[in-house]
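S.K.: how would this look folded up:
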Amino acid sequence: MAKHTDFFTTLAATALLSAGLLGHAGAQTIKIGVNEPLTGPFAASGTYVVNGAKIAADEINAKGGVLGKKIELIIEDNKSNPTEAAAVAEKLITADKVPVMMGAWGSSLTLAVMPKLMEYKVPMVVETSSSGKITTSGNPYIFRISPPSAVEAAAFKNILPKMSVKKADFLVINNDWGRGSAEDFGKTLKADNVQVGLVETMDQSAQDMSAQLSKIKATDSDTIMVTTAVEQLTLLLKQATALGIKKQIITTGGSQNPDQLIDQAGVAANGTFHLTTFAPWYPDDTPNPAATKYFLGEWKKRGFNFAGATESFRGYDGIRTIAAAIEKAGKAEPEAITAALWQTELMGLNGKIKFEKQGPAGKESGQSMPNVYLIKIDNAKVVLPKL
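M.R.: Predicted structure coming up:
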């Protein structure tokens, strides 16, 4: 009996030692959760962001990592679905034990994740979502590097007098992103004595927008303000051309991928204007030309389509922001990283990343204020129009 006891004692000790070694091995990396749409309607955009994140992680690790450890991206697919996005966040926090996340591309996806951040007190850097509610609803674990619709609209206010807009209709995706954009840009237009006409919506899975476009064609507006992802926008531009719509089209939200529009919408994209937060076509005009050239060089080296650069840079900047905060925190723990994000400053590809407080006192979220550019597609080329 003693021999059996010794055997089981030794077996248990070996198991504990193995578990300890595995745990120690796991601790050799610092995990960062990445919650993005890799399937579903927003898959192309989410994949671009993830590929940008991978470039950042490789660059950081090649320089020695953070706090002497390599960073490890734990990448999960939220399937372009808010319920999935919340489930992914919980899995990353409870099963993967990530101390910080980046996500979740769309505003509805990010809003669905936010209660989980509050529940588990884990911070998230928001790289894309633009709904105003994200930073004004009182969530102290949110730090956004992309512009909310209100910031985009404020930048557009300076451009508006040169665009000859007298009356605008809206056609937006029917979610928090699209409806928020219509509201914020509508306020900006009205404040500049521009009339706001129809506000039409389209489901994110819709492929036929001809009914909405036909209604807009019949109005006396001169401009259509559009907010949606590039896949739906491609179809929309083709359908607008087929209907003979001659109105000025301006898109918002920074998710248009103008090069992809040129490739896939063809002549239907000509003459359209797009608000974007990165100008990879003109690296020397970006706030950080050397970093832009490095990033674009890596993007090309990996065989990725240049069209994705206008979205992928956000994944790159998001991971760099998180790494800088972990370094400043001195440890990879949620509370320390949350506090450090308020002190983090770095030069992103589209301007200085530094968080300002937004939202209710005591529960403020962090909002950085990036650059906003207006570009035009002219004869199948991207140009910075001289207005």
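S.K.: okay, CA-based contacts and neighbour counts for the rest of this
M.R.: Fine.
S.K.: so Phe170 makes contact with Ser221?
M.R.: No. At 10.0 Å, Phe170 and Ser221 do not qualify as touching, with contact defined as CA atoms under 8 Å.
S.K.: Among those two, which residue is more densely surrounded?
M.R.: A count of neighbours by other CA atoms under 10 Å puts Phe170 above the other of Phe170 and Ser221, at 28 against 19.
S.K.: per-residue confidence averaged over the helix or strand hosting that one?
M.R.: In the assignment (DSSP states H and E), Phe170 maps to strand 167-173. The average pLDDT within strand 167-173 is 97.
S.K.: Using PDB, write out every CA atom in it.
M.R.: What follows is strand 167-173 as a C-alpha-only set of coordinates in PDB (Å, rounded to 0.1, in the frame of the first residue of the first chain):
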ATOM      1  CA  LYS A 167     -29.300  70.500 -49.100                       C
ATOM      2  CA  ALA A 168     -28.200  67.000 -48.200                       C
ATOM      3  CA  ASP A 169     -29.900  63.600 -47.800                       C
ATOM      4  CA  PHE A 170     -28.500  60.800 -45.700                       C
ATOM      5  CA  LEU A 171     -28.200  57.100 -46.500                       C
ATOM      6  CA  VAL A 172     -26.700  55.200 -43.600                       C
ATOM      7  CA  ILE A 173     -26.300  51.800 -42.200                       C
END
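S.K.: returning to that earlier point: which residues are in contact with each of Phe170 and Ser221?
M.R.: Common contacts of Phe170 and Ser221, defined by CA atoms under 8 Å, 6 or more residues apart in numbering, comprise Gly197.
S.K.: Wait, Asp176 touches Ser131, no?
M.R.: Yes. With contacts counted by CA under 8 Å, Asp176 reaches Ser131, the gap being 6.1 Å.
S.K.: Have a look at those two and say which one is more surrounded.
M.R.: The neighbour count for Asp176 versus Ser131, taken as other CA under 10 Å, is higher for Ser131 (26 against 20).
S.K.: Tell me who's in contact with the more buried one.
M.R.: Contact partners of Ser131, counting by CA under 8 Å, 6+ apart, are Ser107, Pro148, Ser149, Asp176, Trp177, Gly180, Ser181.
S.K.: Which neighbours do Asp176 and Ser131 have in common?
M.R.: Ser107.
S.K.: So Lys386: helix, strand or coil?
M.R.: Under DSSP: H, G, I helix; E, B strand; the rest coil, Lys386 falls in the coil class.
S.K.: Tell me the confidence at it?
M.R.: pLDDT, read off for Lys386, is 77.
S.K.: quick one on the thing from earlier: quick one: list the elements packing against the strand holding Phe170.
M.R.: With contacts taken as 3 or more CA pairs under 8 Å, 6 or more residues apart in numbering; DSSP states H and E, strand 167-173 sits against helix 176-191, strand 195-202, strand 223-227.
S.K.: bridging residues for Val383?
M.R.: Counting by DSSP bridges, Val383 forms beta bridges with Lys376.
S.K.: Isn't it up against Leu374?
M.R.: No. Val383 is not in contact with Leu374 according to CA under 8 Å; the separation is 9.1 Å.
S.K.: Would you mind telling me which of those two has more residues around it?
M.R.: Remark: of Val383 and Leu374, Leu374 carries more neighbours, 22 against 16, as counted by other CA under 10 Å.
S.K.: one step back: and the helices and strands packed on strand 167-173: which comes nearest Pro82?
M.R.: helix 176-191 (11.3 Å; CA to CA).
S.K.: other SSEs contacting that closest one?
M.R.: Looks like helix 176-191 contacts helix 107-120, helix 149-159, strand 167-173, strand 195-202, strand 223-227 (3+ CA pairs under 8 Å, 6+ apart).
S.K.: I'd like to know which of these lies nearest to Arg320.
M.R.: Closest among the helices and strands packed on helix 176-191, using CA to CA: helix 107-120, at 19.6 Å.
S.K.: Check which helices and strands the helix or strand harbouring Gln232 sits against.
M.R.: Per DSSP H and E: Gln232 is located in helix 230-242. Counting contacts by 3+ CA pairs under 8 Å, 6+ apart, helix 230-242 packs against helix 210-217, helix 258-265.
S.K.: Mind listing what's buried along that helix?
M.R.: Val230, Glu231, Gln232, Leu233, Thr234, Leu235, Leu236, Leu237, Lys238, Gln239, Ala240 (16 or more other CA atoms under 10 Å).
S.K.: then it to CSV, C-alphas only?
M.R.: Extracted in CSV, the C-alpha atoms of helix 230-242 (Å, rounded to 0.1, in the frame of the first residue of the first chain):
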residue,chain,number,x,y,z
VAL,A,230,-16.8,49.3,-48.1
GLU,A,231,-18.6,46.1,-49.2
GLN,A,232,-22.0,47.7,-49.0
LEU,A,233,-20.7,51.1,-50.3
THR,A,234,-19.4,49.4,-53.5
LEU,A,235,-22.9,48.1,-54.3
LEU,A,236,-24.5,51.4,-53.4
LEU,A,237,-22.3,53.4,-55.7
LYS,A,238,-22.9,51.0,-58.6
GLN,A,239,-26.7,51.2,-58.0
ALA,A,240,-26.6,55.0,-57.8
THR,A,241,-24.8,55.1,-61.2
ALA,A,242,-27.3,52.6,-62.7
